[in-house]
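J.: sequence first, then the predicted structure, then my questions.
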Amino acid sequence: MNPTIETIAKLVLSPLLVAQALKVRNTASTLPEPPGHRSGQFGIGTPLRLLIVGDSSAAGVGAKHQNEALSGQLVQALGSSHRIDWKLVARTGATTREALPLLRSQISVPTDVALVVLGVNDVTSQIPLAHLLQAREKLYEHLFSVWGAKRVIAAGIPPLGNFPLLPQPLRWFLGVQARRFDKALQRQAQELGVDYVPFDIPLTLEMMAEDGFHPGVNAYFLIGRTVAEKILHR
């Protein structure tokens, strides 16, 4: 599927797509960010300074507590071999461009690994791909230069075409865009020295939160283990 067909589909289906997107946004926004610490220390072993920045998935929406969310799962997976000094900077609805002011509002500290979990809102907000790539480059540069990140890892965009909550044809349309954006981000990451972790978690009902849009605890567990493997076995 190419951008020209996407453009034609958007023009033809625009009223329906907008109506469906508004309904989905209202439904998906009902789950809160879970309570729990957003920074701390955990584990024993070699020190590892970890920063997680991103959107509602980074913030753990779909879990009941941060211990069950991405940050908790990742820190627990790393804590058996490392002493993790970690920090979470995330907000529901954040796009890549909006993540940079979030980071700038924090006091930067030296970081070994920065994990970027963004992209879904860039797709659903219909941000042009060129603008997304520019925003990502600025975000990566900020992590490397200001936070002193020795390594930046970007999580891939989930296959929106498989999200249970999304009705057709919105599911198809966003799925096509998500695949195109994900491929472009993966190419960019390679060029900029950023590690990329494709999203390969099966989006079955058991993996999703009750809203059918966010990851559930089982998905956070698998994602946390996948990213931990990436960090430990470069």
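T.: Noted; the coordinates are in hand.
J.: tally of neighbours for I107?
T.: Counted by other CB atoms under 10 Å, the residues lying close to I107 total 5. C-beta coordinates here come from the backbone N, C-alpha and C atoms, glycine included.
J.: wait, is it part of a strand?
T.: No. Assessed by DSSP: H, G, I helix; E, B strand; the rest coil, I107 does not belong to a strand; its assignment is coil.
J.: what bits of the chain have low per-residue confidence?
T.: Filtered on pLDDT under 70, the chain yields the residue ranges 1-29.
J.: the strands in the chain, which residues?
T.: 39-42, 46-54, 82-90, 113-117, 151-155, 195-197 (DSSP state E).
J.: packing partners for the last one?
T.: Packing contacts for strand 195-197, counted by 3 or more CB pairs under 8 Å, 6 or more residues apart in numbering; DSSP states H and E, involve strand 151-155, helix 170-192, helix 217-232.
J.: mind redoing it with 6 Å?
T.: Applying 3 or more CB pairs under 6 Å, 6 or more residues apart in numbering; DSSP states H and E, one finds that strand 195-197 contacts strand 151-155.
J.: now the first one
T.: In this structure, strand 39-42 packs against strand 82-90, with contacts taken as 3+ CB pairs under 6 Å, 6+ apart.
J.: make it 10 Å
T.: Counting contacts by 3 or more CB pairs under 10 Å, 6 or more residues apart in numbering; DSSP states H and E, strand 39-42 packs against strand 46-54, helix 70-78, strand 82-90.
J.: out of the ones you listed, nearest to F221?
T.: Closest approach to F221 among these is made by helix 70-78 (5.3 Å; CB to CB).
J.: so the closest residue in space to R91 that isn't next to it in sequence versus L203, what's the distance?
T.: Computed as CB to CB, 6 or more residues apart in numbering, the closest residue to R91 that is not its neighbour in sequence is L102, at 6.1 Å. Distance of L102 to L203, given as CB to CB, to the nearest Å: 27 Å.
J.: who has more neighbours, these two?
T.: More crowded of L102 and L203, by other CB under 10 Å: L203, with 19 against 14.
J.: list phi and psi for that one.
T.: For L203, the backbone dihedrals (degrees, to the nearest 10) come out as phi -90, psi 60.
J.: may I have the residues that are in contact with it?
T.: Counting by CB atoms under 10 Å, 6 or more residues apart in numbering, L203 touches P158, P159, L160, G161, N162, F163, P164, G212, P215, G216, A219.
J.: now, which of those lie within helices?
T.: Counting by DSSP state H, those place A219 in helices.
J.: possible to save the contacts of L203 as CSV with distance to S56 and neighbour count?
T.: Putting those into CSV (distance: CB to CB, whole Å; neighbours: other CB atoms under 10 Å) gives the following:
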residue, distance to S56, neighbour count
P158, 12, 24
P159, 17, 17
L160, 14, 26
G161, 19, 18
N162, 18, 14
F163, 13, 23
P164, 16, 13
G212, 14, 16
P215, 9, 25
G216, 13, 20
A219, 13, 25
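J.: if I look at the most centrally placed residue in the chain, how far off is Q106?
T.: With distances taken as CA atoms, centre = their mean, V117 lies nearest the centre of the chain, 2.5 Å away. Going from V117 to Q106 by CB to CB gives 16 Å.
J.: again, but for A219
T.: 27 Å.
J.: with K150 instead?
T.: Distance of K150 to Q106, computed by CB to CB: 18 Å.
J.: that concludes my questions; thank you for your assistance.
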